[in-house]
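Novice: coords please:
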Amino acid sequence: MQFNDQFQYVKRNMGKNRLRLFMTVLATTMGCAFLIVLASVGFGLQNSIVDEFMQHQLMNEISIYGREEDEDWKAVEESDIEEIHQLEHIKAIVTRSNVQYPVDVSIDSYSGEMTTRLTNFEEEEKSGFSLADGRFPEQENEIIVGYHTHEMLYDSDENEEPTSYQSSVLNETVTITVYDWEEDIRYEEKFVIVGIGAEPEQEWRHDSSVYISDSISEKEILLSEEIDGEVYSYGLDQVSVYATDAQQVEGLSNSLKDKGFIIDSVSERINGMSLFFTALKTGLIIVGTVAVVIASIGIFNTMTMAVTERTQEIGIMKAIGADPTVIRRLFLMESAIIGILGVVIGVIISYAISFAVNWIIPRVLVEVTETPEFMDVTFSAIPIQLVAIAAFISLSVAIVSGIRPAKKATKIHVLSALRREA
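Specialist: Just a heads-up that it's a prediction; the model follows:
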């Protein structure tokens, strides 16, 4: 009996009771779809969180928050930066120091209080700092401002309602005035804006920072404070190390840890989350597998009834010399075909449900919470490996469900089967 003949025989018998076949395939489809959709929640949330981390921090960026010495924490100092520079696979080291005093930035009659940072522009450029317009400073009196800086500049005319600066601030000359805590002028200088930072990825982020070169001669005035006759200097507020590429981050992170630095990076966060999401996805797949197993009961019942209904046919096949292996294969093929139909339809339905979930749920949450960030959240993601896992589980369960009925078919006695025919 050729394979094509076996297939045609199975196809003919499956068509004899289409309602039963439909209900069995439907149960298998629901089990497979439930498994995929349930597990897709874990994949979707993981993708959303990873994307969120990558928007806030580059994959090759390592943030340093201090150094541990003799079980005590201390801030990162310039000597530490020189030590870090000796390590391999470093693309750039960005250090930023915030001016702690009130800072007023003004253009003509427009002014506003801004967060002001001192940084090394050469390192900023090497790190990949993006500009929406302009260039990086080349002189001490040239600065970069954040994308939303112009929105923080308001007309100081008291006779009219305050309005923000409407034109581009690029190439404009600004006056930066730093006041001490007694509101006396501590520092005042004119700068030219030669670059505007790129717009933040997230809509809710607002960048109105002012970046000044840390090589200015008045650096100590901006980063120090006199208390009771003693001068205290402010340290580095932000230290970021950039590896030459993402593959070097882990090795560079380990080198920094060995030197006692307290670090954080996207790769470390992702690695930390991977264990959690692996456990979550495994748990969801196990729960989904229960639904597939329940659906297999329908396959088992269908195949058992098929064997009972075809007892006479089986007896005739055995009487004319059919191999029991062929008879077993016929019933296993039938259960496998039911499993394949359930998987194919289940996968199609799963993708449709996943698309609907990602389209409907964010909009509902935005409407209810008035939080537009939910539009960027992926609640369901179906990667090809999930489809492969679900297909393997569903097909395996379907075939296993047909093994016992198939064995029962091979054990039917010829005389009993023919006597039943008579």
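Novice: From the contact counts, what lies against the host helix or strand of Ser79?
Specialist: Assigned by DSSP states H and E, Ser79 belongs to helix 78-84. When contacts are defined as 3 or more C-beta pairs under 8 Å, 6 or more residues apart in numbering; DSSP states H and E, helix 78-84 packs onto strand 90-98. Where you see a C-beta, it was placed from the backbone N, CA and C, and this is true even at glycine.
Novice: Output the contacting helices and strands for the strand it packs on.
Specialist: Strand 90-98 sits against helix 78-84, strand 116-119, helix 121-127, strand 238-243, with contacts defined as 3+ C-beta pairs under 8 Å, 6+ apart.
Novice: Just give the number of residues close to Thr116.
Specialist: Neighbour count for Thr116, taken as other C-beta atoms under 10 Å: 23.
Novice: can you give me the mean pLDDT across the helix holding Ser79?
Specialist: Summarised as a single mean, pLDDT over helix 78-84 is 91.
Novice: Tell me which residues are up against that helix.
Specialist: 64, 67, 90, 93, 95, 236, 239, 241, 256, 259, 261 (C-beta atoms under 8 Å, 6 or more residues apart in numbering).
Novice: Likewise for stretch 19-37?
Specialist: Residues from elsewhere that reach stretch 19-37, judged by C-beta under 8 Å, 6+ apart: 14-15, 285, 288-289, 291-296, 298-299, 302, 305, 338-339, 341-343, 345-347, 349-350, 353-354, 357, 380, 382, 386-387, 390-391, 393-394, 398.
Novice: Show me which of these are buried.
Specialist: By neighbour count, with 16 or more other C-beta atoms under 10 Å, the contacts of stretch 19-37 hold 14, 285, 288-289, 291-292, 295-296, 298-299, 302, 338-339, 341-343, 345-347, 349-350, 353-354, 357, 380, 382, 386-387, 390-391, 393-394, 398 as buried.
Novice: any idea which helix or strand comes after the longest strand along the chain?
Specialist: Within the chain, and with DSSP state E defining each element, the longest strand by residue count is strand 185-197. Note on strand 185-197: by DSSP H and E, the next helix or strand toward the C-terminus is strand 210-213.
Novice: picking up where we left off before, tell me the buried residues in the helix holding Ser79?
Specialist: By neighbour count with 16+ other C-beta under 10 Å, helix 78-84 contains the buried residues 80-81, 84.
Novice: end-to-end on stretch 226-246?
Specialist: Terminal residues of stretch 226-246 are spaced 43 Å apart (C-alpha to C-alpha, to the nearest Å).
Novice: With stretch 67-85 instead?
Specialist: 15 Å.
Novice: roughly how far is it from the heart of the chain?
Specialist: Relative to its chain's centre, stretch 67-85 lies at 32 Å (C-alpha atoms, centre = their mean, to the nearest Å).
Novice: Likewise for stretch 150-168?
Specialist: Mean-position distance between stretch 150-168 and its chain equals 40 Å (C-alpha atoms, centre = their mean).
Novice: Just the buried residues of it, please?
Specialist: Across stretch 150-168, burial judged by 16+ other C-beta under 10 Å covers 150, 152-153, 165.
Novice: In these, find the pair that's most separated.
Specialist: Put simply, by C-beta to C-beta the two of the buried residues of stretch 150-168 set farthest apart are Met152 and Tyr165, 8.4 Å from each other.
Novice: what's the closest of the helices and strands packed on strand 90-98 to Asn60?
Specialist: Comparing those under C-beta to C-beta, the one sitting nearest is strand 238-243, at 4.4 Å.
Novice: tell me which residues in the next helix or strand after the closest one are buried?
Specialist: Using DSSP H and E, the helix or strand that follows strand 238-243 in sequence is helix 249-258. Residues of helix 249-258 classed as buried by neighbour count (16+ other C-beta under 10 Å): 249, 252-253, 255-256.
Novice: could you pull out the helices for the chain?
Specialist: 3-14, 18-56, 78-84, 121-127, 219-222, 249-258, 266-309, 311-319, 324-369, 384-410, 414-421 (DSSP state H).
Novice: Can you flag the weakest of the ones you listed by average pLDDT?
Specialist: helix 414-421 (a mean of 62).
Novice: List the contacts of Ser380.
Specialist: Applying C-beta under 8 Å, 6+ apart, we find Ser380 in contact with 37, 40-41, 43-44, 353-354, 357-358.
Novice: I'd like to know how far it sits from Val343.
Specialist: 18 Å (C-beta to C-beta, to the nearest Å).
Novice: Also Ala279?
Specialist: 26 Å.
Novice: Tell me how far stretch 103-112 lies from the chain's centre.
Specialist: Distance of stretch 103-112 from its chain centroid, counting by C-alpha atoms, centre = their mean, is 40 Å.
Novice: Not counting that stretch itself, show me its contacts.
Specialist: With C-beta under 8 Å, 6+ apart as the criterion, stretch 103-112 contacts 113-116, 149, 152-157, 164-165, 169, 172-179, 208, 210.
Novice: which of the residues in it are buried?
Specialist: Within stretch 103-112, the residues that count as buried by 16+ other C-beta under 10 Å are 103-105, 107, 110-112.
Novice: rewinding a little: just the buried residues of the contacts of helix 78-84.
Specialist: Going by neighbour count (16+ other C-beta under 10 Å), the contacts of helix 78-84 have 64, 67, 90, 93, 95, 236, 239, 241, 256, 261 buried.
Novice: Tell me the one among these nearest to Ile412.
Specialist: Lowest distance from Ile412 to the buried ones among the contacts of helix 78-84 (C-beta to C-beta) belongs to Leu256, with 72.5 Å.
Novice: if you skip the residues just before and after it, what's nearest to that closest one?
Specialist: Ile263 (5.2 Å; C-beta to C-beta, 6 or more residues apart in numbering).
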